[in-house]
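# Need a 3D model of the sequence below.
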Amino acid sequence: MSNLEKHPNELLIGDDVDRLEDEAGRVTVLPPREVPLGGPRAMTVHRTLPSRGRSMIGAWCFVDHYGPTDVRTSQGMVVPPHPHTGLQTVSWLFDGEIEHRDSVGSHAMVQPGVLNLMTAGRGISHSEVSTEKTTILHGVQLWLALPEHAREVPPFFESHEAVVAELHGAALRVFIGTLAGAVASATTYTRLVAAQIDLPAHTRLELPVDSRDEHGILVDTGSVTISGTAVARTELACLEPGASGITIETGGEAARLVLIGGEPFAEQIVMWWNFVGRTHDEIVAYRTAWQAEALGRGMPDAATPRFTSTHGDHSYTGAPLPAPELPTVRLLPRRR
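So this is what the prediction gives:
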């Protein structure tokens, strides 16, 4: 999914891993901000990462939560071709169907229970459009920052069914990493985990996790208490390393959660619009390449295009998304 904000901030995210030793087990709750995905009939998404309170959880640097939206009364998801660099996009649906096409020739239908993982590496473009089969659209879009050794890999796309496990009455659908003995097949470059967790009402779950890692729990339905802290729907609970388990309790209604986690990301990154880089100059170069290759505004810097387009047969027939104007000033490092 693209960040469709007209004036996205430039985030310089610093290495502040050392602070975690004094905050082991602490839980903080991030409220979402509402972001329209497109024009006047846009679908609204709830964004919790990045936020003023935190920029990353492990390598996870972007969390959008949307729906349930009746697309018969809105335009649904209509995201024209747009670029990415230096990251992986993770698409996970609860309801509906989204058609994905990208510049390496991938064509997939994103459906509930199936991970769609796009590794942008040195550069990719893609589009996402909810299909005519969809009446209710509901899911999450997540981004992962790639570490230095992987951020220039050739782009590729993969799709995997989640690995399902049961733990003390809770259903776990593990789609990245390892959780409660379930091992997912997704390609990753840092230690990571992601899973959908469905819990009945009046349930207490002791979820085993890697104590070395940061974790986040997004509440999709219901309301829960996480390690003693109340978390409402659309909020994201952040847990620092140090604990080998997370206590999750439901009240009088069932709950659906999304768990993300991973080792603290020990590199400084710059994130702006749909790009993850290391310096301001890199972001400028990515933007220039996209404007030239996709929109014909200027000449590409290299003979080999960074963002090759194969979207001609896509059901969305509009033009690729132009990049917003770059900010005129840099922002200070944003802490976790």
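
# all contacts plus neighbour counts: C-alpha atoms, from now on.
Will do.

# Could I get the contacting residues of residue 33?
Contacts here follow CA atoms under 8 Å, 6 or more residues apart in numbering; on that basis residue 33 touches 46, 47, 48.

# The last one should be in a strand, yeah?
Yes. For residue 48, which was evaluated using DSSP: H, G, I helix; E, B strand; the rest coil, the result is membership in a strand.

# so what's the spatially most central residue of the chain up against?
Within the chain, one residue has its C-alpha closest to the average C-alpha position: by CA atoms, centre = their mean, that is residue 142, at 0.9 Å. In this structure, residue 142 makes contact with 60, 61, 62, 63, 64, 89, 90, 91, judged by CA under 8 Å, 6+ apart.

# which residue ranges form the helices in the stretch 151-300 of the chain?
Here the stretch 151-300 of the chain has its helices, by DSSP state H, counting those that start in this stretch, at 280-295.

# Is residue 91 bridged to anything, and to what?
Bridge pairing for residue 91 (DSSP bridges) gives the partners residue 116, residue 141.

# got a pLDDT number for it?
Listed pLDDT for residue 91 reads 97.

# residues contacting it?
The neighbours of residue 91, taking CA under 8 Å, 6+ apart as the test, are 110, 115, 116, 117, 139, 140, 141, 142.

# do that again at 10 Å, thanks
For residue 91, the contact set (CA atoms under 10 Å, 6 or more residues apart in numbering) comprises 1, 98, 100, 110-112, 114-118, 139-143, 159.

# which of the residues in stretch 153-161 are buried?
155, 156, 157, 159, 161 (16 or more other CA atoms under 10 Å).

# scratch that, stretch 258-270 is what I was asking about
Counting neighbours by 16+ other CA under 10 Å, one finds that the buried residues in stretch 258-270 are 258, 259, 260, 261, 262, 263, 264, 265, 267, 268, 269, 270.

# Among the residues you listed, which one sits closest to residue 323?
When the buried residues of stretch 258-270 are compared for distance to residue 323, the smallest value, 16.2 Å, is given by residue 270; criterion: CA to CA.

# what is residue 95 paired to in the beta sheet?
According to DSSP bridges, the residues that bridge with residue 95 are residue 138.

# Read off the pLDDT value for it.
Per-residue pLDDT puts residue 95 at 97.

# quick one, what contacts it?
For residue 95, the contact set (CA under 10 Å, 6+ apart) comprises 67, 68, 69, 111, 112, 113, 134, 135, 136, 137, 138, 139.

# now residue 141
Under the criterion of CA under 10 Å, 6+ apart, the neighbours of residue 141 are 1-2, 45, 47, 62-66, 89-93, 116.

# Please repeat the previous calculation with a cut-off of 7 Å.
The contact partners of residue 141, taken as CA atoms under 7 Å, 6 or more residues apart in numbering, are 1, 63, 64, 65, 90, 91, 92.

# Distance from the chain centre to stretch 44-57, please.
Here the centre of stretch 44-57 is set off from its chain's centre by 10 Å, with CA atoms, centre = their mean, to the nearest Å.

# For it, buried residues please.
Here stretch 44-57 shows 44, 45, 46, 47, 48, 49, 50, 51, 54, 55, 56, 57 as buried, counting by 16+ other CA under 10 Å.
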